[in-house]
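S.K.: Sequence first, then the predicted structure:
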Amino acid sequence: MNTLMMVAAAGQAANPGDMKSILVMVVLMIGLFYFMLWRPKQRQEREHAKLISELRAGERIMFSGGLLGTVTEVREHTFLVEVAPKVNIEIARAAVGRVLGKDEVPSLEERR
């Protein structure tokens, strides 16, 4: 009961200037999250979309799961990829992790 009275008294004693400073802190936190988290993620998504749109038949790719293959056909929403001689699989465009160079071998400690 005593605690309830103290909380009520604290709410009434709040200064309007305190509310402004709290509002400023919230706006600053949102701005910090935007520049530290959301903006770099958007840039990374744009780069990945560009990578996928420029992908052509004959290029070697690594899937996000680590599987390697060569693009044999580009379709509207998928790719046809050869993962072994005469073994073709169809994958979603979002499954492409990155494009490999002609003789590039990905390392075991590959970072995304």
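M.R.: Here it is on my side, so go on. Numbers count the residues shown, from 1 in each chain.

S.K.: give me every residue that touches Pro106.
M.R.: 62, 68, 100 (C-beta atoms under 8 Å, 6 or more residues apart in numbering). Every residue, glycine included, has its C-beta placed from N, CA and C.

S.K.: And the buried ones among these, selectable in ChimeraX?
M.R.: Here is the ChimeraX selection string for the buried members of those, based on 16 or more other C-beta atoms under 10 Å:
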select :62,100
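
S.K.: from the contacts of Pro106, which is closest to Lys86?
M.R.: Lys86 has its nearest neighbour among the contacts of Pro106 in Leu68, at 16.1 Å by C-beta to C-beta.

S.K.: where's the residue lying closest to the closest one once chain neighbours are set aside relative to His77, distance?
M.R.: Nearest residue to Leu68, sequence neighbours excluded (C-beta to C-beta, 6 or more residues apart in numbering): Met62, at 5.4 Å. Going from Met62 to His77 by C-beta to C-beta, to the nearest Å gives 20 Å.

S.K.: Kindly report the same for Ala84.
M.R.: 24 Å.

S.K.: ditto for Tyr34
M.R.: Tyr34 is 31 Å from His77, where distance means C-beta to C-beta.
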